[in-house]
Every structure is written in C-alpha cells, then in structure tokens.
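1. I would like the atomic coordinates for the input below:
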Amino acid sequence: MNDFHLCSSLLEIYLFVDDTNWYLKNKKLSDLESKVNHELIKVNNWLCANKMSLSIDKTSFIFHPHQKRLTFNIELKINKKVIRHDSCIKYLGGKCISMNLAKKSQKVYTHIFILSK
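-> Model prediction:
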C-alpha cells in the first residue's frame, strides 16, 4: 500500500486505517466524469497488480457541481461496476462530508469525493 498514491496523477488519495478516500476537483464539469473514470481504471489496475480488490458495496461518492442550478448525473465505475452516489460520506474515519460542506468550498470548482471502506 505504500505506493498506492502513485497509481493516479490526478486523484488526491488519503488512507486511514481501512478507509481509502479519493478527491478530485475540476473547473470543467464536462471533463470531470471522464477524468475520474479514467483514473479509476488506473486504481483498478494497481489493485489487480497487487492482488487486491475494492469492495464496491462499501464504496460511494458525493458530487457537487459549482453551478447551483446545474443538474448533472455522474456515473463513476471501477472494474465495470457502478459506484453508488450518496448524500454524505465519512472522511478519514469519522467526519461526514455532505453536499452542504462541499458547497462551502471553492465555488469555481466541481468536487468529487470517493470513499471506500
């Protein structure tokens, strides 16, 4: 796991005990979904190369577009399995990140937080 953070050049990866958190922000919403899915392919390749797997049932993400009135459905996948969209995820073992917290962050970016337990 010591080199896990090297599997993606775009995702910020945080490890805490048995939780893995990924974070990405981008100014262009149109690019975000494809970038994240492309990086998740790299994550999956790393997991396979190291004989590990991701528990898709314990993996979810939150998404917040920086434009308030924008409705956009994002579908994130890893190993051809859809990652569940949630309204709140626990970050680094306990702190809950919700859509409201994401809204308070920089307004020019669209944010995606992914959590896997």
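
2. Could I get the full set of helices for the protein?
-> 29-49, 99-103 (DSSP state H).

3. per-residue confidence averaged over the last one?
-> What that stands for is helix 99-103. For helix 99-103, the mean per-residue pLDDT is 52.

4. can you check stretch 55-72 too?
-> Stretch 55-72 comes out at a mean pLDDT of 72.

5. Which one, of the helices of the chain, ends up nearest to Glu12?
-> helix 29-49 (10.6 Å; C-beta to C-beta). Any C-beta I mention is one placed from the backbone N, CA and C, and that applies to glycine too.

6. Return the list of helices and strands in contact with that closest one.
-> Applying 3 or more C-beta pairs under 8 Å, 6 or more residues apart in numbering; DSSP states H and E, we find helix 29-49 packed against strand 19-26, strand 77-78, strand 110-116.

7. buried sites along that helix?
-> When burial is assessed from 16 or more other C-beta atoms under 10 Å, helix 29-49 yields the following buried residues: Leu29, Leu32, Glu33, Lys35, Val36, Glu39, Leu40, Val43, Asn44, Trp46, Leu47.

8. Lovely, talk soon.
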